[in-house]
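Participant: Return a 3D structure for these sequence lines:
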Amino acid sequence: MFESIRRARLQREGLSCGKTRRKHQEGDLFDELRTHPGASVGVYVLFFIGLAVVMQIGRSVGGAAFATTILDWLGVSALGLALVVHQRVALRGELEENTMLLLTLGTMLVHLGLATLALHYTRGTLGFLPVMAMPHYFAPLVLSVILGRKIGLLGAIYATLFGALTFSGIIDPVMYVSASALLGVLVVVFTNRVRKRNRLFSAGLFTGAAAALFSLMLHGAAGALATASLGAVLGIPFVIGVLTGMVVGGFLPVLEQIFGVTTDVTWLELADLNHPLMRRLSIEAPGTYHHSLVVANLAEAAAEAIGASATMCRVCSYFHDIGKLSKPEYFVENMDPSANPHEDLTARMSALVIIAHVKDGVDLAIKHNLNCRIIDVIEQHHGTSLAWYFYRQALDQKAEMIRLVEQQKAKEDDVPQVSEEVFRYPGPRPQFKESAIISLADAVESASRTLDKPNASRIETMVDEIVQARMLDGQLDECDLTIAELARVKASFCKTLLSMMHGRIKYQKLTDPPTSAISREEPKAALITESSSEAREPHTTTSMKIVEASFAGPDAQATVKKRTSRRKSPPAAA
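Facilitator: Numbering: from 1, shown residues only. Take a look at the predicted model:
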């Protein structure tokens, strides 16, 4: 309330436009609960309560003879403790956030609930159809696509074990564990690098075919094919697999929205360059648009090299500089060479204009409902780095004013106060690998434009200097990039830049006079003479040595030239 009154007063005095900048933070309470240990305990408690309910319902399907006993509860408790220890020891990083933990455990509960429902409708059928009619693929498929294959395997293992305890005595536990483990692992294998929604349908199709084959083998080995229908033996497992793939593909966007996660499928959908912001960028700030495309190529290749999310890096790189749409002419890539708007501004004001593109970008991203990860990258791609050019310019202006004061040509009050904090970006620093990669790619691409006659050594030196400066400034302290990963990122940058900035062959112009027959014969004669003089060295020729020296550096080239000229010179007189 008091903030609203203050803004209204400033607006009346003409000191405010009355607008407030958008913010995307959920709030301190939500951020605290996201990783708080107490919230993790609450998630586990909810999971065990839900597991008890599902277990009671599952046992009720078999009738009063299959009521739960103290041994059943003891077995579930032991297995639950094993799940907690497994998650806290082996998968602590992957399930650090409580929302991801809730998604994992909740998916396993839904998996068991669907299995109970399938058992209810197939109870009393012949053979192993009650086992093969269960959706053994659901939890592994969902978790593998959303959270990765490690979590998918976790879901396959513990959904199988909890299911065996839930349906103990009602169905054959050995056959249930065999079918559930086999099909759960297979669906994780089939969901490698899912980038299109039809891959989910394909995963369900292939797993359903494998389930049908396994069902045929089970009934054949048990001699139950004579009593069971062949169509049901093959058709029910296959249909369950296909339906599971279709259902997961349909509900995937809902799960992403609820739990705040983004899969590669959605990232590829967001990579559409026809987005209104990207179309505006290509028209109003074409230099920034081209810069964003190059940064996307650099970041995607680097992320691929260290196993980070390459599609996320590409999409976030597209939008990382959309804040420049507010004042595109103030940025050098869009600037008219004949009119520099910074000439009319002080260094401090120029820095404020440049730094403001981060907050303007966040404002535009929230207005257009962009993904939260994109907004994070917009905020973090400069970290708290220094706008060095204008900071140096401000120091020079201060030194010049001090000199004028010493010459009594100016007053001491005219000396500006230069604070480094004013020339720093608001941050925060990069918080995750993809954000750090984009931050480095942004700086490397900008600096590569200043290279004169770029070659491998100059590009490598430039990349090393930029990364070293970011590390010394503490810009990489809050992300989880390791030194080994940083080395691979630098190597990827060098490789990509060298391929983009390679030289071209200078073609002869059409207006140049044609080469005479004599001039065409001279190189051939020279080549024959050179070849005959090199015949004494059986393994190489002078031309090959020159080519090799061009890769070895100027010293090697000078050596080859000296040796060549020495062989061509006539022998000295006796």
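
Participant: Might you report the residue contacts of the residue nearest the centre of the chain?
Facilitator: The residue lying closest to the centre of the chain (C-alpha atoms, centre = their mean) is residue 309, at 2.6 Å. Neighbour list for residue 309: 264, 267, 303, 434 [criterion: C-beta atoms under 8 Å, 6 or more residues apart in numbering]. Bear in mind the C-beta positions are built from the backbone N, C-alpha and C, glycine included.

Participant: ok, and the most crowded of the residues you listed?
Facilitator: residue 434 (27 neighbours; other C-beta atoms under 10 Å).

Participant: and the helix or strand hosting that one, which residues are buried?
Facilitator: Assigned by DSSP states H and E, residue 434 falls within helix 433-448. For helix 433-448, burial by neighbour count (16 or more other C-beta atoms under 10 Å) applies to 433-445, 448.

Participant: Among the residues you listed, find the lowest-pLDDT one for me.
Facilitator: Least confident of the buried residues of helix 433-448 in the model: residue 448, at 92.

Participant: before we move on, back to that, continuing past the helix holding residue 434, what's the next helix or strand?
Facilitator: helix 456-472.

Participant: Who are the packing partners of whichever helix or strand comes after that next one?
Facilitator: Reading on from helix 456-472 to the C-terminus, the next helix or strand found by DSSP H and E is helix 483-500. Applying 3 or more C-beta pairs under 8 Å, 6 or more residues apart in numbering; DSSP states H and E, one finds that helix 483-500 makes contact with helix 286-306, helix 433-448, helix 456-472.

Participant: Any chance of TSV for these, columns distance to residue 114?
Facilitator: TSV is the format used below for the helices and strands packed on helix 483-500 (distance: least, C-beta to C-beta, whole Å):
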stretch	distance to residue 114
helix 286-306	36
helix 433-448	34
helix 456-472	49
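
Participant: who wins for proximity to residue 93 among the ones you listed?
Facilitator: For residue 93, the closest of those is helix 433-448, at 11.7 Å, according to C-beta to C-beta.

Participant: centre of the chain versus that closest one, how much separation?
Facilitator: Remark: helix 433-448 is offset 13 Å from the chain centroid, using C-alpha atoms, centre = their mean, to the nearest Å.

Participant: ditto for stretch 142-162
Facilitator: Its chain's C-alpha centre and that of stretch 142-162 lie 21 Å apart, by C-alpha atoms, centre = their mean.

Participant: Average pLDDT for that stretch, rounded please.
Facilitator: Stretch 142-162 carries an average pLDDT of 94.

Participant: Quick check: buried residues in the strand or helix carrying residue 256?
Facilitator: Per DSSP H and E: residue 256 is located in helix 230-259. Using 16+ other C-beta under 10 Å as the test for burial, helix 230-259 gives 232-234, 236-238, 240-242, 244-245, 247-249, 252, 255-256, 259.

Participant: Stretch 181-197 too?
Facilitator: For stretch 181-197, the neighbour count (16+ other C-beta under 10 Å) marks 181-191, 194, 197 as buried.

Participant: which one of these is nearest residue 217?
Facilitator: Using C-beta to C-beta, residue 182 comes nearest to residue 217 of the buried residues of stretch 181-197, at 10.8 Å.

Participant: Just list the residues touching that closest one, thanks.
Facilitator: 210, 214.

Participant: Let's see that with 7 Å instead.
Facilitator: For residue 182, the contacting residues are residue 214, by C-beta atoms under 7 Å, 6 or more residues apart in numbering.

Participant: from what I can see residue 324 touches residue 288, true?
Facilitator: Yes: judged on C-beta atoms under 7 Å, residue 324 makes contact with residue 288 at a distance of 4.9 Å.

Participant: list residues touching both of those two?
Facilitator: Counting by C-beta under 7 Å, 6+ apart, the residues touching both residue 324 and residue 288 are residue 331.

Participant: Tell me which of those two has more neighbours.
Facilitator: More crowded of residue 324 and residue 288, by other C-beta under 10 Å: residue 324, with 27 against 22.

Participant: contacting residues for that one?
Facilitator: With contact set as C-beta under 7 Å, 6+ apart, residue 324 has these partners: 285, 288, 331, 357.

Participant: Tell me which residues are up against stretch 93-112.
Facilitator: For stretch 93-112, the surrounding residues in contact (C-beta under 7 Å, 6+ apart) are 33-35, 39-40, 43, 47, 50-51, 54, 87, 138-139, 142-143, 146-148, 150-151, 155, 158-159, 162-163, 166, 259-260.

Participant: I'd like the mean pLDDT over that stretch, please.
Facilitator: On average, stretch 93-112 scores 92.

Participant: Pull out the buried positions in it.
Facilitator: Neighbour-count burial for stretch 93-112, with 16+ other C-beta under 10 Å as criterion, is recorded at 94-95, 97-112.

Participant: Repeat that for stretch 204-218.
Facilitator: Using 16+ other C-beta under 10 Å as the test for burial, stretch 204-218 gives 204-212, 214-216, 218.

Participant: Nearest to residue 387, out of those: which one, please.
Facilitator: residue 204 (52.4 Å).

Participant: helices or strands up against the host helix or strand of the closest one?
Facilitator: Per DSSP H and E: residue 204 is located in helix 197-222. Where contact means 3 or more C-beta pairs under 7 Å, 6 or more residues apart in numbering; DSSP states H and E, helix 197-222 is packed against helix 173-190, helix 230-259.

Participant: Include distance to residue 371 when you put those into a markdown table, please.
Facilitator: As requested, those are exported to a markdown table (distance: least, C-beta to C-beta, whole Å):
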| stretch | distance to residue 371 |
| --- | --- |
| helix 173-190 | 26 |
| helix 230-259 | 10 |
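
Participant: what about the helix holding residue 256, average pLDDT?
Facilitator: Helix 230-259 comes out at a mean pLDDT of 90.

Participant: contacting residues around the next helix or strand after it?
Facilitator: Later in the chain than helix 230-259, the nearest helix or strand by DSSP H and E is helix 264-270. Helix 264-270 is contacted from outside by 194-197, 256, 311-312, 315, 371, using C-beta under 7 Å, 6+ apart.
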